[in-house]
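Student: Build me a model from this:
(chains A, B and C)
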Amino acid sequence: MTARLRNQQPGNRREAANDIMVNDEVRTMRHQGRIVTNHGRQLAGRVALLAGCAALFGLAGMPDVALAQESASAPTAYRDIPYIGSRNLVWIIAQLHLLLAGFVLGVPIFAWLCEIVGWKSGDKRYDKLAKEFTKLLTSSYATTALFGGILLFMLIGFYPKLMTYLTDIFFPSFLVYCALFLVETATLYLYWYGWDAMAEGNGKKFHIFLGFLLNVFAFFIMIVPNSWATFQASPVVLAEGSDFARAWAATWNPTWWPVNVHRLIANVVLGGYICGAYAGIRYLSAKSQEERYHYDWMGYVGNFIGVFGLLPLPFAGYWLMREIYQYNQQMGITLMGGFLSWLFILQAMLIGVLFLGSNYYFWLGITHRIPGSETQYRKPIMAMLIILLLCLAVWMTPHSLVASLAEAQQMGGTHHPLLGVFGVMSAKMTVANLMVLVTFMSFIMYWRAGKQDTAGWAKVAKAVIGAVLALAGIAVIVLGVWGYFVPAIIRINYFSTSQVGIVIFVMLTITPLTALLLKSAKTTTEMVWGKMPPRAGYALVLNAVMVILLMTLMGYARSSSRVHWHVYGVMRDSSQYAFSPALGYAATLMALNTFLFCMLVAFIFWVATMGDKAKATAGVKGPVEPGRIPAMAGGAQSLDGAAIDSPEANRPV
Amino acid sequence: MSEVVKLQLIGLCVIGFGTVLLLFVKAQFARVIGFVSIVLGLFALVALAVPQMASLPPAEESINIAEIKTPTDMATIGQKIFFSKGQCALCHSIGPSESARCPDLKGIGSKLSREFIFESLTEPQAYIYLDYRHEGIPKEYPARMPHINKNPIALSKNEILSVIAFLQQMSGEPVSVNPSELDLPRATPAPVKAADAGALAMAQAR
Amino acid sequence: MKGVLVRPIFLTVFIYLFLKFIVPNLPHSAPLPSSLIFLYLMLTTAGIVIFATLSGASKDAFFGPMLRFLTGESGGAFGGARYLVLALFPLLVGWQTYGSTASSDAPPAENRTIHPAPPGEYTGLSNPVPKTPDNIMYGKGLYASRCSPCHGNFDGKGFAAPGFTPPPANFKDPTTIAMLQESFLFWRIKKGGVGLPVEGMPWKSAMPRWELELSDEDIWKVIMGEYDGAGQKPRTWDESE
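Tutor: Numbering: from 1, shown residues only, chains lettered A, B, ... in the order given. Predicted coordinates:
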């Protein structure tokens, strides 16, 4: 492969010299006698978060390549490997690295929030939960860096030209990245090993401050590589200047901040749902009542934090999309109405399952944790379910339908004359807002379940809550329908933002109102932990899988939106992998990546909790005998036959 | 067997594997793996059920100078250069835009002479406005414009002339650049040195 | 016991009938493609299962009869029906498999992207022709002579339209030109159907390559006339326009 590509280049060169103007749909760029061809595009997108050592290798290896530009034979632009192909390999490694990175960045946020809650409320469970997850950090941190290193080797090997180009631009930020890694690592060690030493008083405060620092550094570790990846999607022209000035200009590209915000929120979601899935698996295999109690509660916390992050996520995504569309019409249309439009239907399905799964878990919580509440909440749950499903139906209705020839003729094209209106942004935005509202209502309902208001103004407050919700829903729908009759720019700038504003307003008014109400409310029914059916555990696992799949899906979307460019409009992908694979092929790889990532995380959890089990085994007396210690995420053979008390537990859900 | 059918078979096998795990294995972790397999297999099958379509990159065209007959041909080529190799559209827009960080080029072809545009592209600092909005000596606005005839963009004179033709056309002006001004290809295969081209062009432009 | 199952079945059948026979008969509607009906029915089923499994009691009430039927505990008349179901199920799978693999002369379902992304060099253009009543009128004149035979009175129903599959675009539909920038229309008019990328299936479009007949300036004028005539505004980033 390498040889073939090399041979091609002299030919290209001659051709280029013959044409007076190098046309440039295509990017054979002549830089004073050298032909810069391109580099990896799928992967390149995922260059995203190169791990620390990655950058180090970059520093050592790349400048040489850059200096070699005047050499007689054109440098190698691409390499390949047989069977799997360079793009697929980089795809898998980069995706795993990115998912691990998301996990490593999400978990500290999650752990830190839990630690604060535990510190403020004095509830030791939260502190213990935070510690349990910080323990995972050290091993997953190392794994992330490992994959980053592998990824970097691959990128240098497969896409030397692209890496040279990016190094030329981003060299200073490579240095910054290395420095950040040093401080992040140091902080992480302090945070984890200092946990027990700083458990009380001012020590705890300092520890929480350390957790804050950890998250700040982690945030910068995320946004630096984001700048490399977003530069590829939305490059800016680099004028003369110092290396630092050029890197800085390239960093501030139009989609940098939208991606930063979107990824930050998504990482919280990932951290929360993975915690939920872990709790779900432990819950399923729990043997003692305490364990069931603990992991049921942990699943609740994980799901709550996941939902908490999920609510603003569509808005961050919308902002990102808007910036992309504005940056370039071609990318915007590719994503929304063009080649990738079916990908967004798939995304709607995944998000739909995620919303349904999260709400389902809330509802299961109401009916199982609060005895006797089922009949009372059956009707509202049914109403919310129906609204969610209607919204989903709208969201999943594609603009261009899959239709046979006869069906298309009947419809007059692949747009349905009536339902086609559901296919455009105005409708999707509206139902996304409604789904967020419904999920928020689910949460409020769960929060208030089993409590009775005592305050005199409770009736008024409840009326206000009902009125605000109803008005907000109506307003969102009215704006959505009206959006069809105004110019696109008005809809984008005013209507859509108003819809988001309304939903945020609802959350900001109802949350404190409910909190006030509940302060004076008396609890009629205590929550009973550990009573959830097995399907709740599976729902948690399902949610986590959905989030991971969504991340892999959007990774593909981001890379594909650059079409045949490594760096959009600047450096063309001239490799044999310049095409965007079809959705089915991509989805198969995404499913593979998701599976590999789940296995990796399970392995990390297993390794990290091995010590606990040994300790527990040694220390166990009484109800739990050594052979019946709970299966960890890795599942011990000896436990295979262990029966679980509830007959329901063995039934697939 | 087509690739889609193969992938569908793999998806079905994964679902079958998951179902077998759920039906016959009691270990909870294995059951969860089975469940996850079913979910992932279904996801792949749904994606495979949509008619499959890969997006191919456009063919790499090369432009032959001998085929350029009219100023409109030049403008067509200039249009491509403007939006790709020249990287003009990374900063400039034609028409109003929120994302453009540099002047809007709508109508620029009728406001400025072609010589002035040429100079702006090749010597961005040559004619710049002075900033009087402060005490003392007026400061020069340093133009953020890069030298288009030098690295990293390095358009040749021919390419710059084409872009000018395109800008004039976009302003509704008659294109004043003529194909006869284009340099003919040299006999040697060495690419045009950008600096030479720039100097030459400057000489011609004046 | 069976009562619990009757309602979900009734609901599913009702939704199917509604989508199949009532929606197509609404004004300005058309029959739904089977892929869409399938999608909506899947959603309905998911909703039913979710609602049925909310509590242990409702779950047993929902799945219990099915389990008892399949395990043969129901007895009586259901015993015979059970063997029938067990025998028919493999046949159903076989029929499905045959249906999806047998060769047929029907063309495969298609997934044409109606508005594919334009090439890079058409993404940032703006209309150089001033928006004067004269220019708009001139554009409408060109529209009347060149476009209206197929696109009709901006509604996609010209006299030649019935001859084409897919039919010519309807500009009054808010999901067509109102969603697009002027430069997109410029590209489509100038390059025509053959200029579409592969996902737009250039072989399916009968749009001529107007660059062979009209100057760029005329195309811009046609665009202005088209928006004006259809009562739509182009997508733009400028609020003042």
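Student: what bits of chain A have low per-residue confidence?
Tutor: A:1-73, A:239-240, A:613, A:616-653 (pLDDT under 70).
Student: Could you find the closest non-adjacent residue to the residue most central in space within it?
Tutor: Nearest residue to the geometric centre of chain A (C-alpha atoms, centre = their mean): A:Ala266, 3.9 Å. Spatially, and ignoring its direct neighbours in sequence, A:Ala266 is nearest to A:Leu313 (6.3 Å; C-beta to C-beta, 6 or more residues apart in numbering or on different chains). In short, each C-beta sits where N, CA and C put it, glycine included.
Student: Quick one: neighbours of the residue in chain B positioned nearest to chain C, just the number.
Tutor: Closest residue of chain B to chain C, C-beta to the nearest C-beta: B:Gly95 (2.5 Å). Counted with other C-beta atoms under 10 Å in any protein chain shown, residues neighbouring B:Gly95 total 22.
Student: A:Met384 too?
Tutor: A:Met384, neighbours per other C-beta under 10 Å, totals 20.
Student: Quick check: it is in a helix.
Tutor: Yes - assessed with DSSP: H, G, I helix; E, B strand; the rest coil, A:Met384 lies in a helix.
Student: Check whether it really touches A:Ser358, as I assumed.
Tutor: No - between A:Met384 and A:Ser358 there is no contact under C-beta atoms under 8 Å: 11.9 Å.
Student: Point out where chain B drops to low pLDDT.
Tutor: For chain B (pLDDT under 70), the answer is B:1, B:61, B:63, B:97-101, B:129, B:140-143, B:184-206.
Student: hmm, try it at 80
Tutor: B:1, B:59-69, B:84, B:90-91, B:95-103, B:124-145, B:150-154, B:172-173, B:178-206 (pLDDT under 80).
Student: For it, just list every one of the helices.
Tutor: For chain B, helices defined by DSSP state H occupy the ranges B:3-24, B:28-49, B:71-83, B:108-111, B:114-122, B:157-170, B:194-205.
Student: now these in TSV, with distance to C:Glu182?
Tutor: Below are the helices of chain B laid out as TSV (distance: least, C-beta to C-beta, whole Å):
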stretch	distance to C:Glu182
helix B:3-24	38
helix B:28-49	35
helix B:71-83	15
helix B:108-111	18
helix B:114-122	24
helix B:157-170	13
helix B:194-205	33
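Student: So which of the ones you listed is the most surrounded?
Tutor: For the helices of chain B, the largest average neighbour count (mean count of other C-beta atoms under 10 Å in any protein chain shown) is found in helix B:157-170, namely a mean of 27.
Student: Which helix or which strand is home to residue 100?
Tutor: Let's take chain A. helix A:86-121 (DSSP states H and E).
Student: I was thinking of chain C, sorry if that wasn't clear
Tutor: Going by DSSP H and E, C:Ser100 is part of helix C:77-101.
Student: Check C:Pro65 too.
Tutor: Under the criterion of DSSP H and E, C:Pro65 resides in helix C:56-71.
Student: and that helix, how far out from the chain's middle?
Tutor: Distance, stretch centre to chain centre, for helix C:56-71: 39 Å (C-alpha atoms, centre = their mean, to the nearest Å).
Student: Is that helix in proximity to chain A?
Tutor: Yes - Helix C:56-71 lies within reach of chain A by C-beta under 8 Å from any C-beta of the partner chain, at C:56-59.
Student: Show residues contacting that helix.
Tutor: A:368, A:374, A:533, A:648, C:1-2, C:4-5, C:8, C:51-53, C:73-74, C:78, C:81-82, C:85 (C-beta atoms under 8 Å, 6 or more residues apart in numbering or on different chains).
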